[in-house]
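[1] Curious how this folds, go ahead:
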Amino acid sequence: MKTNNTFLFSIDLEDVRENVENKHLYKDRVIENTQIYLNWLKKHQSKCTFFTVGKVAEVHPELIQTILAEGHEIACHSYAHIPVANQSPEEFRIDLSKNIEALQKAGCTTIKGYRAPIFSIDKRCEWAYEIMKEFGITYSSSVLPAKNPLYGWPEFGQEYKQFPNGIIEFPISLDRFGPLNLPFAGGVYFRALPEFLILRSFKKYFRNNQPALSYFHPYDLDTNQEKFMHSGINNNKFFNWLMYYNRKNLIKRLDMVIALDARITTYSEFISKL
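    Predicted coordinates:
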């Protein structure tokens, strides 16, 4: 399949305050930040996939309806943003059920995809694909196929794979930077790596006719967020500093990727052409 510079730009629609101590002391900036992405996507006449946490859908159903009205895809990103590797199969089943229920109540009628919080599916929790199948999920983008301080499944490999039950897993895109394989096209890596290295990696993927898979969050462009220790990073002060690093240049960098003749599409649209 020829991918034509496909950029699988996607948003992990979550509230960065979730699981933060005393989170209600800090402002809810989900709508304001998500609107910046929606405006940017409209400017480039592009549609993408929003992997959405159930609690966000419950608090902001009007945001979900806006995203759907503008033609984007909504997929699952858990109910409470707890890593899959930290759950039992039954806990995961309940969490996914609540995620889908929340999205449906917010107006979603078609839900095909799932992304694990923090790309937390690894070999230990491969059972999750069977549970996804029970709920009608057809694709997932939940694996970081490299060693990582938090989660990672290096043996999975960097190509997408279809499991015997039919679910397709799309691992996040990586490139080599010295001794490390890093997800150059998303989140803190996209903000922290030098621009020329980011663009080099995108060009490499497009030249090799591979889609570049990404992930961004509402907070990735938020320059007005209060300072606090983020959850899920083991209280590491360096990781917390990176969480705030270079947010001001995110949209500028995304525009530079678009200038490579990158074409954004939803996961479902991409899969329909496989």
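[2] What residues does L13 make contact with?
    L13 makes contact with V30, T34, F50, F51, T52, V53, V56, I67, H77, H217, P218 under the criterion C-beta atoms under 8 Å, 6 or more residues apart in numbering. (Each C-beta comes from the backbone N, C-alpha and C, glycine too.)
[3] Surely Y205 touches L199?
    No - with contact defined as C-beta atoms under 8 Å, Y205 does not count as touching L199 (10.9 Å).
[4] So these two - more neighbours on which side?
    With neighbours defined as other C-beta atoms under 10 Å, Y205 and L199 compare such that Y205 has more, 23 against 16.
[5] Which residues are in contact with that one?
    Y205 neighbours (C-beta under 8 Å, 6+ apart): S173, D175, P211, A212.
[6] in which helix or strand would I find it?
    helix 195-207 (DSSP states H and E).
[7] confidence score at Y114?
    Here the pLDDT value assigned to Y114 is 98.
[8] what about it, neighbour count?
    For Y114, the tally of surrounding residues (other C-beta under 10 Å) stands at 28.
[9] Contact partners for P211?
    The contact partners of P211, by C-beta under 8 Å, 6+ apart, come to T3, T6, F7, L8, S173, Y205, F270.
[10] Name the nearest residue to it, ignoring sequence neighbours.
    T6 (3.9 Å; C-beta to C-beta, 6 or more residues apart in numbering).
[11] The one you found contacts F270, correct?
    Yes - with contact defined as C-beta under 8 Å, T6 reaches F270; the gap is 6.3 Å.
[12] Looking at the two, which is more packed in?
    Each of T6 and F270 has its neighbours counted (other C-beta under 10 Å); T6 has more, 22 against 19.
[13] And the contacts of L13, which of them are buried?
    Among those, those scoring as buried are V30, T34, F50, F51, T52, V53, V56, I67, H77, H217, P218 (criterion: 16 or more other C-beta atoms under 10 Å).
[14] Please consider this matter closed, and thank you.
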